[in-house]
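Return a 3D structure for these sequence lines:
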Amino acid sequence: MPQKRLDPFVNAATTLDATVNPYVGMLREATASGALPLACGPTLAGLKGQWRQHIAAYHGLQTPAKRLIVEIGCYKGQTLLDLTKAFPDTAFIGIDITFKRVVTTAQRLTAHGVKNGFCAMANATLIDQLFAPDELDGCLIFFPDPWIRKAKQAKHRLVGPQFCERLYSRLAAAGFCWLKTDHLPYFERANEALAQASFSRLPASAPELLGSDFSSVFEQRFHSQQLPTFGSKWLKSEIN
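Numbers count the residues shown, from 1 in each chain. Below is the predicted model:
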């Protein structure tokens, strides 16, 4: 069940029947008790510009992380978990729009004792409402919904001109955006939007931005079926 509201500060869990979807009740309880590293609705309101400090405080750390990276569309958290383990000095936030994915990701981080990860249930379209200018050091968008069942659904795609402009304003100097998808038309249009927003594309031969490919569940699935995938890496500033 997805969070359809664009307003990230409205908690859909307060108006839905938890007997229909058990993850609604789980998210509601975790948000109230702080039992899981997640935020939704009103609990997101005071975090803009304070994410690193909040994540450190939640996990009982005195020093905030050096960097803050967001994964949009974290699914059930495997890639996010891999990232938190590989870079313990970096804070990672996983964002998704479904109750099950956000709760499952938060549970996975907790089960593995992660101290530098957090989750948010929100529609990342309005990323400028969630993060302050220059607050992010990187953004991963791995296999976003291509919206291809009907031609008119293309308007719902995340990576478009407005989103790219908003993301650009929230990235620090030399901040990056790493995009992967299995849908070539979406990939081409997303690249155009990133270029129009003044991102600079890294050459295909450039080293991985985070030192590894960090393959997602979807990517592994596509490769097992011998289906092609597409990826591009972008920086906020020009390459010297």
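
Report whether residue 118 is found in a helix, as I expect.
No - residue assignment for residue 118, taken from DSSP: H, G, I helix; E, B strand; the rest coil, gives strand, which places it outside any helix.

from memory residue 159 sits against residue 190, does it?
Yes - between residue 159 and residue 190 there is a contact at 3.9 Å, judged by Cβ atoms under 8 Å. Just so you know, the C-beta spots here come from the backbone N, C-alpha and C atoms, and that holds for glycine as well.

Identify the contacts common to those two.
Common neighbours of residue 159 and residue 190, counting by Cβ atoms under 8 Å, 6 or more residues apart in numbering, are residue 179.

Which one's more surrounded, the two?
residue 190 (25 against 22; other Cβ atoms under 10 Å).

how close does the more buried one get to residue 120?
From residue 190 over to residue 120 the distance is 22 Å, taken as Cβ to Cβ, to the nearest Å.

so where do the strands sit in the chain?
Using DSSP state E, the strands of the chain run over 38-40, 67-72, 90-96, 117-121, 136-142, 171-181, 200-201, 230-235.

could those be laid out in CSV, adding mean pLDDT and mean neighbour count?
Formatted as CSV, the strands of the chain follow (pLDDT from 0 to 100; neighbours: other Cβ atoms under 10 Å):
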stretch, mean pLDDT, mean neighbour count
strand 38-40, 94, 26
strand 67-72, 98, 24
strand 90-96, 97, 26
strand 117-121, 96, 28
strand 136-142, 97, 23
strand 171-181, 95, 20
strand 200-201, 96, 15
strand 230-235, 95, 19
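
Make a markdown table from the ones you listed and add distance to residue 154 to it.
Formatted as a markdown table, the strands of the chain follow (distance: least, Cβ to Cβ, whole Å):
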| stretch | distance to residue 154 |
| --- | --- |
| strand 38-40 | 28 |
| strand 67-72 | 18 |
| strand 90-96 | 21 |
| strand 117-121 | 24 |
| strand 136-142 | 16 |
| strand 171-181 | 13 |
| strand 200-201 | 22 |
| strand 230-235 | 17 |
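
Select, out of these, the one closest to residue 81.
Closest approach to residue 81 among those (Cβ to Cβ): strand 117-121, 7.3 Å.

Please name every helix or strand in contact with that closest one.
Here strand 117-121 touches strand 38-40, helix 51-58, helix 78-86, strand 90-96, helix 99-111, going by 3 or more Cβ pairs under 8 Å, 6 or more residues apart in numbering; DSSP states H and E.

If you count contacts, what does the first one end up packed against?
What it means is strand 38-40. Going by 3+ Cβ pairs under 8 Å, 6+ apart, strand 38-40 lies up against helix 22-33, helix 99-111, strand 117-121.

Then the longest one?
For helix 99-111, the helices and strands in contact under the criterion 3+ Cβ pairs under 8 Å, 6+ apart are helix 22-33, strand 38-40, helix 78-86, strand 90-96, strand 117-121.

cool, and the fourth one?
Other elements packing on strand 90-96 under the criterion 3+ Cβ pairs under 8 Å, 6+ apart are helix 51-58, strand 67-72, helix 78-86, helix 99-111, strand 117-121.

and it, how far from the chain's centre?
Put simply, strand 90-96 sits 6 Å off its chain's centre (Cα atoms, centre = their mean, to the nearest Å).

what bits of the protein have low per-residue confidence?
Within the chain, the stretches with pLDDT under 70 are 1-7, 9-19, 147-153, 238-240.
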